[in-house]
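> could you work out the structure for the sequence below:
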Amino acid sequence: MSLSSNLGALSLVLTTALGAFPARAALGETEASIARDRRALSAAGMATTPQAAYTVHELTSSGLTVREYVSADGVVFAVTWGGMGQPDLSLLLGPYADEYRLAAERTPKVKGQHARRIAGAHLVVERWGHMRDLHGRAYLPDLVPQGVTIDEIR
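Below is the predicted model:
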């Protein structure tokens, strides 16, 4: 095989491998990656609200609002959502999605109860609501800025 053939094959392998891991903002990732969430959620609007210890980035798309909470260090420490449906949690939870799935499997469902709290080793996910009015929040307790209460994340 020639050098150009080897380079072409290597390029194809790298492109395929890198394409298998979509870039996205998620818990524990940087503020700079929030724009990728906006595209992934097909969000029409994006507003930023600075607070004393964090900044909230609000993404809106048809029937869904997602807020991403970013610490002064530039790290997403919480996300919330509300609207007519659930967002893709694997997108929002990023590297914590597997931890969430495992914790959800271990947390018993209570018949008739619509609210659910799932806590993993590093992550807490709370979901509540009813059809066409679903809400939730996910946060990393170890990354919540000092002086910020969980009640502020809504």
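
> tell me the secondary structure for the nearest residue to Ala119 once chain neighbours are set aside?
Spatial nearest neighbour of Ala119, chain neighbours left out: Ala103 (6.4 Å); criterion: Cβ to Cβ, 6 or more residues apart in numbering. From N, CA and C alone the C-beta is placed, and that goes for glycine too. What DSSP: H, G, I helix; E, B strand; the rest coil gives for Ala103 is helix.

> residues contacting Ala103?
Ile118, Ala119, Gly120, Leu123, Val125 (Cβ atoms under 8 Å, 6 or more residues apart in numbering).

> before we move on, what about His57?
Contacts of His57 (Cβ under 8 Å, 6+ apart): Glu31, Ile34, Met46, Ala47, Thr48, Arg67, Glu68, Val70.

> try 7 Å this time
Ile34, Met46, Thr48, Arg67, Glu68, Val70 (Cβ atoms under 7 Å, 6 or more residues apart in numbering).

> the second one: how many residues sit nearby?
In other words, Met46. Counted with other Cβ atoms under 10 Å, residues neighbouring Met46 total 13.

> what helices or strands is whichever strand or helix holds Trp128 leaning on?
According to DSSP states H and E, Trp128 maps onto strand 124-130. Contact partners of strand 124-130 among helices and strands, from 3 or more Cβ pairs under 7 Å, 6 or more residues apart in numbering; DSSP states H and E: strand 116-119, strand 133-139.

> Gly63 is nearest to which of the ones you listed?
strand 133-139 (9.9 Å; Cβ to Cβ).

> list the pairing partners of that closest one within its sheet, with orientation.
strand 76-83 (antiparallel), strand 124-130 (antiparallel) (DSSP bridges).

> now the helices for the protein?
Along the chain, the segments classed as helices by DSSP state H run 3-19, 34-40, 89-93, 97-106.
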